[in-house]
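Enquirer: starting from these lines, generate the structure:
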Amino acid sequence: MFDEVAPTYDLTNTLLSFGQDRNWRKKVAKAVDPKAGQAVLDLAAGTGASSVAFALKGVRVVAGDFSEGMLAVGRKRHPELEFVFADATKLPFDSAEFDATTISFGLRNVVDVPKALAEMFRVTKPGGRIVICEFSKPVAALKPFYNFYLGKLLPGFSALFSKTPEAYSYLAESILAWPNQTQLAAKVEAAGFENVSYQNLSLGIVALHIGYKPAKASK
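Expert: Got it, this is the predicted structure:
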C-alpha cells in the first residue's frame, strides 16, 4: 500500500492536513535537537520529508522505512540522506548506535508496538532520547468535528487527491483505534524510557511524546 502511494504521499499529506504537517515536522526537529557529532535514526521516514530537518552539518541522519517504494522515491529526492530498509521490530543497527531515535506517524502502522519500542530503546544511546509524533485524541470540544472529518470528509478528499483512496480509509481506521496520549506514554515507559512527557499539537489531533534512555542503562 505504501509502495503505491509513495510518489504523491508527501503532497497528499500536506493537502489532507491543511498544511499542518509542516508545523508538526518543525516541532519534531526541535524536540530531537540534533547536534554536530550526533547520530539520528528517523524511522518510518518514508521519502525523507521528516529526515531532512535533522540533516545539519556534522549530524549523521539515517532514514529507515519498511517500504521499498518509499525508500526509492526518497533516495531520488534526498541523495544527501542515508536510506535503509528497516523493520521497526527488528532494527538492522547496533545497540546504542544513535543519540536520538524518532518516528513520525509510523508507530501506529507497526504490528507489534511494544517490540518496536524495545528496539528503539536498544539502538538509542544511554542518555539519548526517543521522540514520537503520532495522531492522538483531540480535546473533547473538537472530537465530534474531527470524527466527522475522518469518517466523511477524509474519504472524499482522498478520492480526489490520491489514486489509492483505500490507503486513506485505512488511515482513518488506524487513527481511531490508536491509544490516547497517556496510554502511549505508558507504553514508552514500559519499554524502559524515563521522564516521558507529551505535548499536544493542533489541539490533540497529534501528540509529541519524548522520553529518555537512562544514562546508566545497559546497551
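Enquirer: CA atoms for contacts and neighbours, from now on please.
Expert: Will do.
Enquirer: from memory Asp94 sits against Lys125, does it?
Expert: No. At 10.2 Å, Asp94 does not count as touching Lys125 under the criterion of C-alpha atoms under 8 Å.
Enquirer: who has more neighbours, the two?
Expert: Lys125 (25 against 11; other C-alpha atoms under 10 Å).
Enquirer: could you say which helix or strand holds that one?
Expert: Lys125 is part of strand 124-135 when elements are defined by DSSP states H and E.
Enquirer: past that strand, which element shows up next along the chain?
Expert: Strand 124-135 is succeeded, C-terminally, by helix 143-148 (DSSP H and E).
Enquirer: pLDDT on that following helix, on average?
Expert: Taken as a whole, helix 143-148 carries a mean pLDDT of 88.
Enquirer: off-centre distance for that helix?
Expert: Its chain's C-alpha centre and that of helix 143-148 lie 23 Å apart, by C-alpha atoms, centre = their mean, to the nearest Å.
Enquirer: and that helix, C-alpha only, in PDB?
Expert: Taking Å, rounded to 0.1, in the frame of the first residue of the first chain, the C-alpha atoms of helix 143-148 are listed here in PDB:
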ATOM      1  CA  LYS A 143     -13.800  15.400  18.800                       C
ATOM      2  CA  PRO A 144     -17.200  15.500  17.000                       C
ATOM      3  CA  PHE A 145     -15.900  17.600  14.200                       C
ATOM      4  CA  TYR A 146     -12.700  15.500  13.900                       C
ATOM      5  CA  ASN A 147     -14.600  12.300  13.800                       C
ATOM      6  CA  PHE A 148     -16.800  13.700  11.100                       C
END
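Enquirer: report the buried residues of that helix.
Expert: Under the neighbour-count criterion of 16 or more other C-alpha atoms under 10 Å, helix 143-148 has Tyr146 buried.
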